[in-house]
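Novice: Just to be clear, the model below is a prediction. Sequence and coordinates:
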Amino acid sequence: MSIDKDDIYRQPLDQVSDFQFDERVVRVFPDMIRRSVPGYELVLELLALAARQFSQPASNIYDLGCSLGAATLAMRRTIPHSDCRIIAVDNSNDMVQRCREQIRRDNSIVEVDVIVADVLDIDLANASLVVLNFTLQFIAPERRAALLQSIHSGLRPGGVLLIAEKLSFADQRTQQLLDQWHQGFKRSQGYSDLEIAQKRQALENVMQPDTLETHQQRLQQAGFNHVCQWFQALNFAAVLARKD
Ligand code: GEK
C-alpha cells in the first residue's frame, strides 16, 4: 500500500468537525499514527514479542480497534502456534476494507478474521491474548469497565490483555509538561502549530484519555490478578493485565 503523507489539518478550516476514522484518514493513517504517537513502532515490535510469549496453542488472539492491522500483522508473524486464530475488529468499514487487503498480501500461516463491529458487541472466547492498541481511549468512558470485564471473562487462565493508550495526569504540572513535550515531538515530525491545534480540537470530544491509576484500578476491578506497566514515552503508556 502506498502511504500518503498526513495533510488533513494542514489548511485552516472554518469549522473543525469531530475526528472520524473515514476514507480520508485511512489513506494517511500509517503516517499519521507514526508521527503522532511517540514509540508507536517500538510498541508494535514489543507486541510481536508478546504474541510469541503469551499466545497459547489452539487459542484466539484479539486485536480490538485494529485499524489497518499493524498489530495483527506484527503478531501474526511471531505466533508460534499454527492453530491460533487472530480476530481483528474495527467499527470503521473503511479501515476494515483496507486492513483485509493488507492481510491478504501477507502469507503467514496463522489465520486472521477481520470483522467490522463495535468492540463492545464482541463475545470473546478462548482467548490467550487480547490487544487494545490505542483503542480504549475512543470508547465512551462509562462503557470501559464493562468491556474489560467481558475481555476478562473471554480470556483463558494465564491469558493476557495488553493496553496501550494516551494518558492524562491528575497532577497539572505533569499534564502540562508532557503535553508541551508531545507538541514538540509532533513539531519535530513536521506538523505545524496549526495542524496540531486543529487535530487537537477534532479529537477533543472523541478521545478521552484516563490516568494510569484509573487504568490500573479498573483492570483490578475487572478481575485481573496482575497489572503492570511495560512502556511509556511522554504521555503514551502501555500496561499488561494477566488473568491467573
Ligand atoms: C494500531 N490498533 O495501528 N469498536 C471498534 N473499533 C473502534 C471503536 C469501537 N467502539 N472505537 C474506535 N475504534 C491500531 C491503532 S486507532 C488509534 C488504533 C488512533 C477504532 C477506530 O476505528 C480506529 O481504527 C481505532 O479504533 C483506533 O495498532 O488512531 O490513535
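Specialist: Received, thanks.
Novice: ok and the residue in this structure nearest the ligand?
Specialist: residue 65 (2.9 Å; Cβ to the nearest ligand atom). Bear in mind the C-beta positions are built from the backbone N, C-alpha and C, glycine included.
Novice: Skipping its backbone neighbours, what lies nearest that residue in space?
Specialist: In this structure, residue 65 finds its nearest non-sequential neighbour in residue 135, 2.7 Å apart by Cβ to Cβ, 6 or more residues apart in numbering.
Novice: okay, the residue of the chain closest to the ligand: pLDDT?
Specialist: pLDDT, residue 65: 98.
Novice: circling back to that earlier point, residue 119 is in contact with the residue nearest to residue 65, correct?
Specialist: Yes - here residue 135 reaches residue 119: they are 6.9 Å apart, a contact under Cβ atoms under 8 Å.
Novice: what residues are shared contacts of these two?
Specialist: Residues touching both residue 135 and residue 119 by Cβ atoms under 8 Å, 6 or more residues apart in numbering: 64-65.
Novice: between these two, which one's more packed in?
Specialist: Neighbours per residue, other Cβ atoms under 10 Å: of residue 135 and residue 119, the larger number sits with residue 119, 24 against 21.
Novice: Report the spatially nearest residue to the more buried one, omitting neighbours in sequence.
Specialist: Nearest residue to residue 119 in three dimensions, chain neighbours excluded: residue 64, at 4.4 Å (Cβ to Cβ, 6+ apart).
Novice: my guess is the one you found meets residue 89, correct?
Specialist: Yes - if you go by Cβ under 8 Å, residue 64 and residue 89 touch, sitting 5.3 Å apart.
Novice: shared neighbours of these two, anything?
Specialist: Common neighbours of residue 64 and residue 89 (Cβ under 8 Å, 6+ apart) are 119, 122.
Novice: Neighbour count: the two, which is higher?
Specialist: More crowded of residue 64 and residue 89, by other Cβ under 10 Å: residue 64, with 26 against 22.
Novice: which residues sit in contact with the more buried one?
Specialist: Counted by Cβ under 8 Å, 6+ apart, residue 64 has contacts 89, 119, 122, 130-132, 135.
Novice: residues of the one helix or strand residue 25 maps to that come out buried?
Specialist: For residue 25, the host element (DSSP states H and E) is helix 23-36. By 16 or more other Cβ atoms under 10 Å, the buried positions in helix 23-36 come out as 25-36.
Novice: which of those residues are close to the ligand?
Specialist: Among the buried residues of helix 23-36, proximity to the ligand is found for residue 33 (Cβ under 6 Å from any ligand atom).
Novice: could the buried residues of helix 23-36 go into TSV alongside pLDDT?
Specialist: Output for the buried residues of helix 23-36, formatted as TSV (pLDDT from 0 to 100):
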residue	pLDDT
25	95
26	95
27	95
28	96
29	96
30	96
31	95
32	96
33	97
34	97
35	96
36	97
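Novice: The ligand contacts on this protein?
Specialist: So the chain meets the ligand at 21, 33, 65-67, 70-71, 89-92, 95, 118-120, 133-135, 138-139 (Cβ under 6 Å from any ligand atom).
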